[in-house]
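Enquirer: Any chance you can model this:
(one chain, ligands or ions: 1)
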Amino acid sequence: GFSRQGKPLGKGGTMIYLDYAATAPMPRAAADAMYAVLTEQYGNPSAQYPFGLEMKKRLEGWRGIVAAAMGCPPDRLYFTSCGTEGDNWAIRAALWQNRHAGRHIVTTAVEHSAVLECCKWLEKDGYEVTRLLPDGQGNITAGQVLEAVRPDTALVSVMLVNNELGTIFPVGEIAEGLPAKNPKTLLHTDAVQGFLTFSARDLGADLISVSAHKIGGPKGIGALYIGPRIRNPRPLLPGGGQEGGVRAGTEATAQIAGFAKAAELRMDSRLEDQRHLCELKAYAIEKLSAIPDLHFVGNGAAPHILSVSLAGWPSQNIVNDLGSQGVCVSAGSACHQGKPSHVIAALKLPKRTASGVIRLSFGPAVTKADIDACADAIRKHHDSRCPMLL
Ligand code: PLP
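Expert: The predicted structure follows:
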């Protein structure tokens, strides 16, 4: 259930949710929009009778809302099944478009797995991938990216906001510098964690992928902006004529309705939310600074993500203990089998620091009292356990 402020409630009604970068709670109005589609507006938008035509009209209305939130014309916005699909489709479409230009890809070592795993498969198909390493704070510079671009570089894929560190990458600057380095190279950005902070028109990337569930929409729906330089986007899923014939499959109308409603609500409160998140992050930094052995990891400028390490205290234990105290945070993007994530590993931190990283991430419903409770829980964990010797 949800409290009246839209905060998710745990079993005892006291859960503190600080994992918005993993997924965000859905506002009631977005869920209601979905319910109406599931129960009453269930027609297929491709059907030719009035009930179907009405759905097509609604679908285009929702597309218009999401496109406005992306800052792009509606006919450049395609719905996908998730951010992961958008990333995979963007990369494949760019490489197809540039199939005669080269088989080299430039990306970073700290992209989401949706990009990194796709690139791994492409290597098996004979593509060459350059993965740029960030500095110790998690930053990548535009100069670093542009320097890696070669005459045979078909694609640059650099995320807008890193999901573990909150570092913001200079996608606009890369877009500006790219034509001088190689006018054919296409630019994709995974903007899943930066949605609602940019306009596709200003950013200058050729392909931009986003996901609904990070902004209060449902899981299982995303969107891809495909710019005019991609002339005939190659479908990832060939089939029926939906989405202009380039992304087949009956449109997920209920998810799209929920996505549009969530985007509309967040657009309305965008500036207020940004201010609130900045204030929360500053407050969290102040509160957490008082905890012994706690270090801040990376200098992420995104206001909704804060990565910290309790050096010597393994992150999975922190996450479990905080969870039992009703506080939800994550161990980076899931600390696999006790090993730091690929993002944390790329920072080359001392082992004790790397193994103790947790990520707090915030959304509009988070309060300073939630931060206080989280800081208390971390301190309690620190004070009640012996550090691990590493
Ligand atoms: N890219 C980034 C940066 C993300 O944070 C996520 C979400 O975890 C994704 C891609 C994948 O999005 P989805 O869960 O919709 O597939």
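Enquirer: Tell me, how many residues neighbour the residue lying closest to residue 236 once chain neighbours are set aside?
Expert: Leaving aside its sequence neighbours, residue 236 sits nearest to residue 89 (C-beta to C-beta, 6 or more residues apart in numbering; 4.0 Å). Any C-beta I mention is one placed from the backbone N, CA and C, and that applies to glycine too. Applying other C-beta atoms under 10 Å, we find 27 residues neighbouring residue 89.
Enquirer: Contacts only, for residue 89.
Expert: Going by C-beta atoms under 8 Å, 6 or more residues apart in numbering, residue 89 touches 80, 209, 224, 235-236, 247.
Enquirer: need these in a markdown table with neighbour count, secondary structure and pLDDT, can you?
Expert: Formatted as a markdown table, the contacts of residue 89 follow (neighbours: other C-beta atoms under 10 Å; DSSP: H, G, I helix; E, B strand; the rest coil; pLDDT from 0 to 100):
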| residue | neighbour count | secondary structure | pLDDT |
| --- | --- | --- | --- |
| 80 | 27 | strand | 98 |
| 209 | 33 | strand | 98 |
| 224 | 28 | strand | 98 |
| 235 | 19 | coil | 97 |
| 236 | 19 | coil | 95 |
| 247 | 24 | coil | 97 |
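Enquirer: Kindly indicate which of the residues you listed lies nearest the ligand.
Expert: The closest of the contacts of residue 89 to the ligand turns out to be residue 209 (C-beta to the nearest ligand atom; 7.2 Å).
Enquirer: Bridged to that closest one, which residues?
Expert: residue 190, residue 224 (DSSP bridges).
Enquirer: ok, now which ones touch it?
Expert: Counted by C-beta under 8 Å, 6+ apart, residue 209 has contacts 80, 83, 86-87, 89-90, 188-192, 222-225.
Enquirer: ok, of those, which one's closest to the ligand?
Expert: Nearest to the ligand out of the contacts of residue 209 is residue 83 (C-beta to the nearest ligand atom; 2.6 Å).
Enquirer: What separation do you get for the closest one and residue 387?
Expert: Distance of residue 83 to residue 387, given as C-beta to C-beta, to the nearest Å: 36 Å.
Enquirer: go on, residue 77?
Expert: Using C-beta to C-beta, residue 77 is found at 49 Å from residue 387.
Enquirer: neighbour count winner among those two?
Expert: Set side by side, residue 77 and residue 387 show more neighbours around residue 77, with 23 against 14, by other C-beta under 10 Å.
Enquirer: contacting residues around residue 162?
Expert: 110, 138, 168-169, 193, 298, 300, 302, 305, 343.
Enquirer: Tabulate the residues you listed (a markdown table), appending pLDDT and neighbour count.
Expert: Output for these, formatted as a markdown table (pLDDT from 0 to 100; neighbours: other C-beta atoms under 10 Å):
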| residue | pLDDT | neighbour count |
| --- | --- | --- |
| 110 | 98 | 30 |
| 138 | 97 | 24 |
| 168 | 98 | 20 |
| 169 | 98 | 26 |
| 193 | 98 | 26 |
| 298 | 95 | 26 |
| 300 | 93 | 25 |
| 302 | 98 | 22 |
| 305 | 98 | 24 |
| 343 | 96 | 26 |
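Enquirer: Using JSON lines, please lay out those together with secondary structure and distance to residue 324.
Expert: Putting the contacts of residue 162 into JSON lines (DSSP: H, G, I helix; E, B strand; the rest coil; distance: C-beta to C-beta, whole Å) gives the following:
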{"residue": "110", "secondary structure": "coil", "distance to residue 324": "30"}
{"residue": "138", "secondary structure": "coil", "distance to residue 324": "30"}
{"residue": "168", "secondary structure": "strand", "distance to residue 324": "34"}
{"residue": "169", "secondary structure": "coil", "distance to residue 324": "36"}
{"residue": "193", "secondary structure": "coil", "distance to residue 324": "28"}
{"residue": "298", "secondary structure": "coil", "distance to residue 324": "27"}
{"residue": "300", "secondary structure": "coil", "distance to residue 324": "27"}
{"residue": "302", "secondary structure": "coil", "distance to residue 324": "29"}
{"residue": "305", "secondary structure": "strand", "distance to residue 324": "24"}
{"residue": "343", "secondary structure": "helix", "distance to residue 324": "26"}
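Enquirer: Show me the subset of these that also lies near the ligand.
Expert: residue 193 (C-beta under 6 Å from any ligand atom).
Enquirer: for the contacts of residue 162, which one is nearest the ligand?
Expert: Nearest member of these to the ligand, counting by C-beta to the nearest ligand atom, is residue 193, at 4.8 Å.
Enquirer: hang on, that closest one packs against residue 302?
Expert: Yes. With contact defined as C-beta atoms under 8 Å, residue 193 and residue 302 form a contacting pair (6.7 Å).
Enquirer: Alright, that wraps it up for me.
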